[in-house]
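Sharing a model prediction with you, sequence too.
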Amino acid sequence: MIAQTADPAHLIILDTDPGIDDAMTFAFLKSRRDVRLLAVTSVFGNADVATTTRNALYLLDRFGMDVPVHIGAATPLSIPRRPVASHVHGHDALGNTGLALNFVGKAHPEAAHDAIVRLVRANPHRVTILAIAPLTNLALALRAAPDIADLVSDVVVMGGAFGYGARRGNVSPVAEANAANDPHAADEVLGAAWPVTMVGLDVTSQCILPAQVAADLAERDDDARFLWDISRAYERLYRDHDGLDGGCIHDVAAAIRMVEPGLFRTVSGPVRVVTEGFAAGQTILRPEGIPFPPGAWDGLPSQKACIKVDSAALLKIYQAAFTPKADVGGALTASVIGASS
């Protein structure tokens, strides 16, 4: 097991639906000495919650990370679950490799939203929730314990699209997948009085892991080789569908925003999420400083949305996770106040 750090800058709850770029995020977080992962909370999204939970357990075992997994929501708050986009991540959400199909791991008996509440309360003003999946677990935690909004340090979300980049949606012309998978939850989370930074398609569509870079990393690092193996179809999808020479590392971009915020430019303002109709999942920010007539954003807290990124610097930071001489690795263990194992 990797030795833990004594006083990490970031205590993290990772809310995830493990697919390809989620797996990359696990590996990236493993490499950071300034991060300690308190818990992983699973949720439906890239697959059903049974599959995403198994994948989370498998990935933690595969990467040597001693962190509890808490099972989260199986369905959205108010709408039927959307069909799984198996053409993106595979039927097993790990590139149809079948690597985790026979893995047997044990999830923690505490529900995901209860774990979020407990850990935030036990570590006031210290915990960042890194949410790279539909926001159902976060909405359930807020419903159960509204006080955590005042106790959390930060909420960083991979989700949404705000019209500042080329991509305004990936499941519809106006909606990103995580927001669209549970728009009611997204609207509740973004409307709560806690600090949220949205790392959406405006920037993540610019964060591309070139095919040759991925191959080179795979030649020198076992974790990178595993990620290369599971991302063959994912990479082909981006090449065939978007003409890219590599795959977007959406979730990794959110993790890097958490630890290296200076790479990103943001705008601020209250955010609403369309919950019904053909635009369900659309995220709309009312920019601060621009006068508008009274509307649906009135009285809501200001949140942040990323609109620009230094993608070259971001790629270098990701590559450093697989460079032994950089020695940026640190423990991701649960030995923090209120954490469980």
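Sure thing, it's come through.

burial of Gly277, as a residue count?
7 (other C-beta atoms under 10 Å). C-beta here means a position set from N, CA and C on the backbone, and glycine is covered the same way.

Check the spacing between it and Val259 real quick.
Remark: distance between Gly277 and Val259 (C-beta to C-beta, to the nearest Å) = 37 Å.

for Pro124, same thing?
Applying C-beta to C-beta, the value for Pro124 to Val259 is 21 Å.

Looking at these two, which is more packed in?
Neighbours were counted for Pro124 and for Val259 using other C-beta under 10 Å; Val259 has more, 19 against 14.

per-residue confidence at the more buried one?
If you check Val259, the pLDDT there is 97.

Identify the residues contacting it.
When contacts are counted by C-beta atoms under 8 Å, 6 or more residues apart in numbering, Val259 touches Ala9, His10, Arg32, Asp34, Val35.

number of nearby residues for the spatially closest residue to Gly95 that is not a sequence neighbour?
Take Gly95 and drop its neighbours on the chain: the residue closest to it by C-beta to C-beta, 6 or more residues apart in numbering is Ile230, 3.9 Å away. By the criterion of other C-beta under 10 Å, Ile230 has 23 neighbours.

Equivalent analysis for the one 10 residues further on, please.
Using other C-beta under 10 Å, Asp240 has 9 other residues around it.

For the helix or strand encompassing it, which residues meet the burial criterion?
Counting by DSSP states H and E, the element that carries Asp240 is helix 232-242. Under the neighbour-count criterion of 16 or more other C-beta atoms under 10 Å, helix 232-242 has Arg232, Ala233, Tyr234, Glu235, Leu237, Tyr238 buried.

For the residues you listed, please prepare JSON lines with the additional fields pLDDT and distance to Pro287.
What follows is the buried residues of helix 232-242, written out as JSON lines (pLDDT from 0 to 100; distance: C-beta to C-beta, whole Å):
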{"residue": "Arg232", "pLDDT": "97", "distance to Pro287": "41"}
{"residue": "Ala233", "pLDDT": "96", "distance to Pro287": "38"}
{"residue": "Tyr234", "pLDDT": "96", "distance to Pro287": "34"}
{"residue": "Glu235", "pLDDT": "97", "distance to Pro287": "36"}
{"residue": "Leu237", "pLDDT": "96", "distance to Pro287": "33"}
{"residue": "Tyr238", "pLDDT": "95", "distance to Pro287": "31"}
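
Please give me every residue in contact with Phe44.
The neighbourhood of Phe44, defined by C-beta under 8 Å, 6+ apart, consists of Asp17, Thr52, Gly72, Ala73, Ala74, Thr75, Pro76, Arg81, Pro134, Thr136, Asn181.

just the residues you listed now: which is nearest Asn96?
Thr52 (15.4 Å; C-beta to C-beta).

ok, Gly163 to Pro261 distance?
Using C-beta to C-beta, Gly163 is found at 22 Å from Pro261.

Please apply the same query to Val84.
For Val84 relative to Pro261 (C-beta to C-beta), the value is 32 Å.

quick one: which of these two has more around it?
Ranked by neighbour count (other C-beta under 10 Å), Val84 and Pro261 place Val84 first, with 20 against 14.

Report the contact partners of the more buried one.
Asn46, Ala47, Asp48, His91.

most neighbours, which of those?
Asn46 (30 neighbours).

quick one: terminal-to-terminal distance for stretch 118-127?
11 Å (C-alpha to C-alpha, to the nearest Å).

any idea of the mean pLDDT in that stretch?
For stretch 118-127, the per-residue pLDDT averages 98.

what about this structure, any weak spots by pLDDT?
1-7, 325-341 (pLDDT under 70).

At the geometric centre of it, which residue do we find?
Here the mean C-alpha position of the chain is nearest to the C-alpha of Ile132 (C-alpha atoms, centre = their mean), at a distance of 1.7 Å.

Next, the contact list for that one, please.
Per C-beta under 8 Å, 6+ apart, neighbours of Ile132: 14-17, 21-22, 25, 157-158, 178, 250-251, 254-255.

switch the cut-off to 7 Å
Asp15, Thr16, Asp22, Thr25, Met158, Asp251, Ala254 (C-beta atoms under 7 Å, 6 or more residues apart in numbering).

Thanks a lot, catch you later.
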